[in-house]
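Asker: give me the fold of what follows.
(one chain, ligands or ions: 2)
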Amino acid sequence: MRVLVALGGNAMTSADGRARPEDQIAAAGVAMAAVADLLQREVEVVVTHGNGPQVGNLLVKNEIAAAVVPPVPLDWCGAQTQATLGFVLMDALEAELARRSVDRRTATVVTRTLVASDDAGFTRPTKPIGRYLPADEAALLVEHGETWEDRGEKGWRRVVASPEPLRIVDAPAVQALVGAGFVVIANGGGGIPVVADEDGTLRGVEAVIDKDLGAALLARSVDADVLVIGTDVPHAVLHYGTPEARDVGVVTAAEMRAYAAEGHFASGSMGPKVDAACRFVEAGGARAVITDLAHLSDAVTGTSGTVVVPN
Ligand SMILES: Nc1ncnc2c1ncn2[C@@H]1O[C@H](COP(=O)(O)OP(=O)(O)O)[C@@H](O)[C@H]1O
Ligand SMILES: NC(=O)OP(=O)(O)O
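Answerer: Residues are numbered from 1 along each chain as shown. Ligands and ions are numbered 1, 2, ... in the order given. Here you go, the predicted structure:
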């Protein structure tokens with residue numbers, strides 16, 4: 001069985017959302033222990049990951065340092081997060097595999113994802129990145145031309161363009177490495193967004209793709225049987241945060257789409273996960289599961305989490 005495991009930004013930082021190097025290394029260790037358990041059971045695993053906190057922080061660093069060193073655009077920041085998180089995850093996974101005496105090599109693929117240059121996402125920013133700020137501090141940055149959004153109890157967060165992923169450009173490289181026996185980490189942050197010019201030349205564009213939507217596409221591109229979206233909650237929940245809250249268990253894509261249409265899943269967090277899970281099974285995937293890392297193993301067999309199956 002081949003499984004695409006998508007790790008959320010929450011799985012890549014500390015529980016309180018801190019993203020210092022030591023927080024990220026510790027979080028990667030926890031996530032990769034769960035992945036190593038799967039590999040030990042001879043499940044074939046491809047890993048992708050979010051980069052929201054990291055790419056937002058890099059962007060801020062670039063902006064603050066702009067008078068001293070030339071700033072790089074957002075797509076470059078995204079590429080840098082793929083490399084950094086890739087090496088941190090490889091170190092963590094290889095350490096866990098060695099502990100279990102499992103002999104597997106790892107590889108990270110810098111991955112580009114094709115988007116349309118006229119995607120509506122370029123005119124209406126929707127992707128939350130970076131740190132949370134209180135309303136008054138966010139308001140100052142809005143005055144400087146940034147777009148910030150109220151994200152509820154954690155505070156305000158910057159939002160940037162997030163076009164639809166159309167094709168994982170480097171999926172053939174991922175496939176080749178998987179075929180050669182590597183545990184591959186790919187398409188971090190949903191992929192580096194690129195558009196194709198008229199002559200077919202690719203160039204990076206300033207945006208951050210939703211990693212769950214990217215994961216659904218990558219999962220199909222590498223013929224995964226199961227897509228597991230790992231986050232910090234064990235289930236998608238109906239009436240989330242209310243006394244009527246109810247976990248969603250096994251559900252068809254059509255039922256899940258109906259729940260989404262009723263507004264049960266917040267945009268920018270659970271909403272894209274549900275969309276990605278539905279897209280994967282609607283495109284022919286056997287099963288997509290939304291759960292936390294503690295339930296990863298059972299998620300793969302469809303016995304835990306929110307399990308979206310074909311209609
Ligand atoms: N209906 C819902 N069911 C469960 N969680 C929800 C729901 N609506 C919003 N959420 C929020 O979605 C969060 C997970 O999304 P997100 O923070 O984007 O995760 P990640 O960084 O792991 O990708 C949960 O921590 C929860 O607060
Ligand atoms: N690119 C992306 O969706 O990252 P997060 O999952 O960290 O938000």
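
Asker: what about the helices in the stretch 201-311 of the chain?
Answerer: Secondary structure of the stretch 201-311 of the chain (DSSP state H, counting those that start in this stretch): helices located at 211-221, 253-261, 270-282, 296-300.

Asker: from the ones you listed, which stretch is densest packed?
Answerer: When you average the neighbours per residue for each of the helices of the stretch 201-311 of the chain (mean count of other Cβ atoms under 10 Å), helix 211-221 leads with a mean of 27. Heads up, the C-betas are built off the backbone N, CA and C, glycines and all.

Asker: quick one: name the residues of the chain near ligand 1.
Answerer: Residues of the chain lying close to ligand 1 by Cβ under 6 Å from any ligand atom are 8-11, 50, 231-233, 236-237, 240, 264-266, 269-270.

Asker: neighbour-wise, give me the winner out of these.
Answerer: Tallying neighbours with other Cβ atoms under 10 Å puts Gly50 at the head of those, with 29 neighbours.

Asker: in terms of pLDDT, where does the closest residue to that one other than its chain neighbours sit?
Answerer: Nearest residue to Gly50, sequence neighbours excluded (Cβ to Cβ, 6 or more residues apart in numbering): Gly9, at 3.9 Å. Per-residue pLDDT puts Gly9 at 76.

Asker: tell me if I'm right that Gly9 and Asn57 touch.
Answerer: No: at 11.1 Å, Gly9 does not count as touching Asn57 under the criterion of Cβ atoms under 8 Å.

Asker: from Ile209, how far out is Ala15?
Answerer: 26 Å (Cβ to Cβ, to the nearest Å).

Asker: in this structure, what residue is nearest ligand 1?
Answerer: Gly8 (1.9 Å; Cβ to the nearest ligand atom).

Asker: ok, that residue to Tyr240 distance?
Answerer: Gly8 is 16 Å from Tyr240, where distance means Cβ to Cβ.

Asker: which element is Pro128 on?
Answerer: Counting by DSSP states H and E, the element that carries Pro128 is strand 127-133.

Asker: just checking, next helix/strand downstream of that strand?
Answerer: helix 135-143.

Asker: look up the closest residue to Ala253, ignoring the ones flanking it.
Answerer: Cys278 (4.3 Å).

Asker: go ahead and confirm the one you found touches Glu255.
Answerer: No: with contact defined as Cβ under 8 Å, Cys278 does not count as touching Glu255 (9.7 Å).

Asker: how about the residues of the stretch 51-200 of the chain near ligand 2?
Answerer: Residues of the stretch 51-200 of the chain lying close to ligand 2 by Cβ under 6 Å from any ligand atom are 51-52, 189-190.
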